[in-house]
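*Asks:* sharing a model prediction with you, sequence too.
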Amino acid sequence: MTENEQKKPIEKIGIIGAGSWGTALAQMICQTTPDVTLLTRNADLTDEINTKHTNSRYLGDIELSEKIKASQDLKTLVTNSDVLFMVPPAQHLRAALESAKPHLEKDVPLVICCKGIEMSTGLLMSDIVKEVTPDNPYLILSGPNFAHEIARGLPAAATLACSNTKVGRHVAQAIFSKTFRPYVTSDPVGAEIGGAIKNVIAIACGIVYGYELGENARAAIMTRGMAEIKRMGKVLGARPETFLGLSGLGDLTLTCNSVQSRNFSLGVARGRGETLNEILAKRHNVTEGVATAAAVLDFAKKHAIDMPICAAVNETLHNGVSVKDTIDALLSRPLTQES
């Protein structure tokens, strides 16, 4: 995007992903950028959003703005968008980008709103963008945001991270409103790592809660979980101060302390004895920490990063280890120095 293009107002925004977060973003963005189109996967949802102005499967009876347009026409949505928000589940980002690429103009910014690590490759979301759509600048939107609260118009803030801060500020102006405040940073890697790993730590905190180990233990898991986030960030070149911001400490605090969090609530159910399959069978939404737990462990092994909490979550979710044995293993680890 050239400097002149950056000064051109953003008038049309497309959103790929009509789950709870994608729909909430559409609700938020249309306050300041009224031409917002949400890509839907089926005719029933398209009709519901356009005529009833609800997305009952994901947002219950929350009334959506009549400004939001729903469409199944990917080509038209991508071609007409000044900025494209990518909100599929993390494990489907690559496929979503590949579908959009034939219709995507060079230099159109891509705002990545999903949090995770690709299981098949161990890549961050930004690395996938670099592979599939290298000609488009990308931004990471991450922070302590529950979709239902955003959709209801409650106040919130988030990190909008982009290596090109001019692009970041330009996009921030398009989504800034009286109820949503984006803070621009130039550390997208740090924002990504904080957003991805906190989901795994939140599962661990939920397990602690569900297993009734007390608030002291949950606080310890959150704190030592942040240490694991920082270790991974150091390897990938993230700035330490990023983890004290909205996409780090802010997101971790929210996700680890509320049953509204999909990851925390999944951990609670696992701590109370339900199997992963039993928990997932009851859910419509994707719980990103489940896939990220496996992906981050592979990454940690590859780079010799000590991430015992993430490893413990992976063991009890994917390798059949009981919650009790997982907790016992964590508590029996040798003493180390806090750093």
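*Replies:* Perfect, I can see it now. Residues are numbered from 1 along each chain as shown.
*Asks:* use CA for all of it now, contacts and neighbours both
*Replies:* OK.
*Asks:* which residues does the residue minimising distance to the centre of the chain contact?
*Replies:* When the chain is reduced to its mean C-alpha position, the nearest residue by Cα atoms, centre = their mean turns out to be Lys115, at 3.0 Å. Residues near Lys115 by Cα atoms under 8 Å, 6 or more residues apart in numbering: Pro89, Ala90, Met125, Ser142, Glu192, Gly195, Ala196, Glu288.
*Asks:* nearest spatial neighbour of it, chain-adjacent residues omitted?
*Replies:* Nearest non-adjacent residue to Lys115, counting by Cα to Cα, 6 or more residues apart in numbering: Ala196, 4.8 Å away.
*Asks:* quick one: average pLDDT of the helix or strand harbouring the one you found?
*Replies:* According to DSSP states H and E, Ala196 maps onto helix 188-210. The predicted model assigns helix 188-210 a mean pLDDT of 97.
*Asks:* what's that helix packed up against?
*Replies:* strand 138-142, strand 156-161, helix 215-236, helix 251-255, helix 262-271, helix 288-303, helix 308-318 (3 or more Cα pairs under 8 Å, 6 or more residues apart in numbering; DSSP states H and E).
*Asks:* ok, Asp82 touching Lys12?
*Replies:* Yes: Asp82 is in contact with Lys12 according to Cα atoms under 8 Å; the separation is 5.3 Å.
*Asks:* follow-up on the earlier one: ok, the residue nearest to Lys115 to Ala291 distance?
*Replies:* Note on Ala196: its distance to Ala291, by Cα to Cα, to the nearest Å, is 10 Å.
*Asks:* more neighbours, these two?
*Replies:* Legend: neighbour count by other Cα atoms under 10 Å for Ala196 and Ala291, higher for Ala196 (28 against 21).
*Asks:* and the strands in the stretch 1-150 of the chain?
*Replies:* Secondary structure of the stretch 1-150 of the chain (DSSP state E, counting those that start in this stretch): strands at 12-16, 35-39, 68-71, 83-86, 110-112, 138-142.
*Asks:* now these in CSV, with distance to Arg218 and mean neighbour count?
*Replies:* Below are the strands of the stretch 1-150 of the chain laid out as CSV (distance: least, Cα to Cα, whole Å; neighbours: other Cα atoms under 10 Å):
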stretch, distance to Arg218, mean neighbour count
strand 12-16, 35, 24
strand 35-39, 38, 24
strand 68-71, 40, 22
strand 83-86, 32, 23
strand 110-112, 30, 23
strand 138-142, 23, 29
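*Asks:* tell me which residues touch the closest residue to Gly245 other than its chain neighbours, please.
*Replies:* With sequence-adjacent residues excluded and distances taken as Cα to Cα, 6+ apart, Gly245 is closest to Thr159, at 7.8 Å. By Cα under 8 Å, 6+ apart, the residues touching Thr159 are Ile140, Leu141, Ser142, Gly143, Pro182, Tyr183, Val184, Thr185, Ala191, Gly245, Leu246, Ser247.
*Asks:* what pLDDT does the model give the third one?
*Replies:* What that stands for is Ser142. Taking Ser142 on its own, its pLDDT is 98.
*Asks:* measure it to Cys113 for me?
*Replies:* According to Cα to Cα, Ser142 stands 7 Å off from Cys113.
*Asks:* the last one too?
*Replies:* In this view, Ser247 and Cys113 are 12 Å apart by Cα to Cα.
*Asks:* ok, these two, which is more surrounded?
*Replies:* Ser247 (31 against 28).
*Asks:* burial count for the closest residue to that one other than its chain neighbours?
*Replies:* In space, and not counting its chain neighbours, Ser247 is closest to Gly143: 4.2 Å by Cα to Cα, 6+ apart. Gly143 has 27 neighbouring residues, counting by other Cα under 10 Å.
*Asks:* which ones are touching Gly143?
*Replies:* Ala157, Ala158, Thr159, Gly195, Leu246, Ser247, Gly248, Gly250, Asp251.
*Asks:* may I see those residues arranged in a markdown table, with distance to His303 as well?
*Replies:* Formatted as a markdown table, those follow (distance: Cα to Cα, whole Å):
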| residue | distance to His303 |
| --- | --- |
| Ala157 | 33 |
| Ala158 | 29 |
| Thr159 | 27 |
| Gly195 | 20 |
| Leu246 | 26 |
| Ser247 | 23 |
| Gly248 | 21 |
| Gly250 | 27 |
| Asp251 | 25 |
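*Asks:* which of the residues you listed sit farthest apart?
*Replies:* In those, the most distant members under the criterion Cα to Cα are Ala157 and Gly195, with 14.1 Å between them.
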